[in-house]
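# A structural model of the following input is requested.
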Amino acid sequence: GIEKADGTGNISYDPDNHDRMVRLRAAKVAGIDVPDVAVDDPDGDARVLVLGWGSTYGAIAAGVRRVRAAGGKVAQAHLRHLNPLPANIGEVLKHYDKVLLPEINLGQLALLLRARFLVDVISYNRVRGLPFKAEELAGVIQDVIDSD
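Residues are numbered from 1 along each chain as shown. Take a look at the predicted model:
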C-alpha cells in the first residue's frame, strides 16, 4: 500500500519509513486513555465472570440475571473498547476462576485474551447471524458454574 513519508506526508515506498509509520500509529493507539472495565459482582464472591462486547450485552445481562435469580453467583463485565483494551482487564480476568466469553463469531477476542493475558477463557461462539437468547446463555453460565 501507499505510505506517507514521515515528516513530509509525501508518498513513500521506503520499507524503513513504512516500519516507522506503522509503529508511530500503533503508539498513538496505545496512548489512548480508555476507562477501566467495570465489573458487576454484587457480593464480590463470584468465581465465574461472563465477559462480553458489542451486541452480546443484552442477552448476557439477561442470562446473568436469570442465573442470579436462581441463586447462582456470577459476575459480569462488558468491554466497550477493544483497542486499546482497558488497562485493568488483565487483573480483572485473573481475579476469577473461570471466564466465559460468548461471541457472535469464531472466538477472536477469546484467542486474543488467552494469548495476551494467559487466562483460560471459555469460548461460547455462534456464527449463524442470530443473536444469543438469554435462556440459552443462562444455561451455559449455569453449566460453567456447575463444572467445578
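
# Centre of the chain to stretch 33-53, how far?
Counting by CA atoms, centre = their mean, to the nearest Å, stretch 33-53 is centred 11 Å from the centre of its parent chain.

# which parts of the helix ranked longest in the chain are buried?
Assignment by DSSP state H gives helix 15-30 as the longest helix of the chain. For helix 15-30, the neighbour count (16 or more other CB atoms under 10 Å) marks His18, Met21 as buried. No exception for glycine: its C-beta is placed from N, CA and C like everyone else's.

# try stretch 57-66
So for stretch 57-66, counting by 16+ other CB under 10 Å, buried means Ala59, Ile60, Ala61, Ala62, Gly63, Val64, Arg66.

# now stretch 89-103
Quick answer for stretch 89-103 (16+ other CB under 10 Å): Ile89, Val92, Leu93, His95, Tyr96, Lys98, Val99, Leu100, Leu101, Pro102, Glu103.

# Now do the contacts for the closest residue to Pro35 other than its chain neighbours.
Excluding its sequence neighbours, the residue lying closest to Pro35 (CB to CB, 6 or more residues apart in numbering) is Pro86, at 6.6 Å. Pro86 sits next to Val34, Pro35, Asp36, Val37, Leu79 when contact means CB atoms under 8 Å, 6 or more residues apart in numbering.

# quick one on the thing from earlier: ok, so of the buried residues of stretch 89-103, who is nearest Val74?
Leu100 (8.6 Å; CB to CB).

# Confirm that closest one sits in a strand?
Yes: assessed by DSSP: H, G, I helix; E, B strand; the rest coil, Leu100 belongs to a strand.

# In this structure it contacts Val48, no?
Yes: applying CB atoms under 8 Å, one finds Leu100 in contact with Val48, separated by 6.5 Å.
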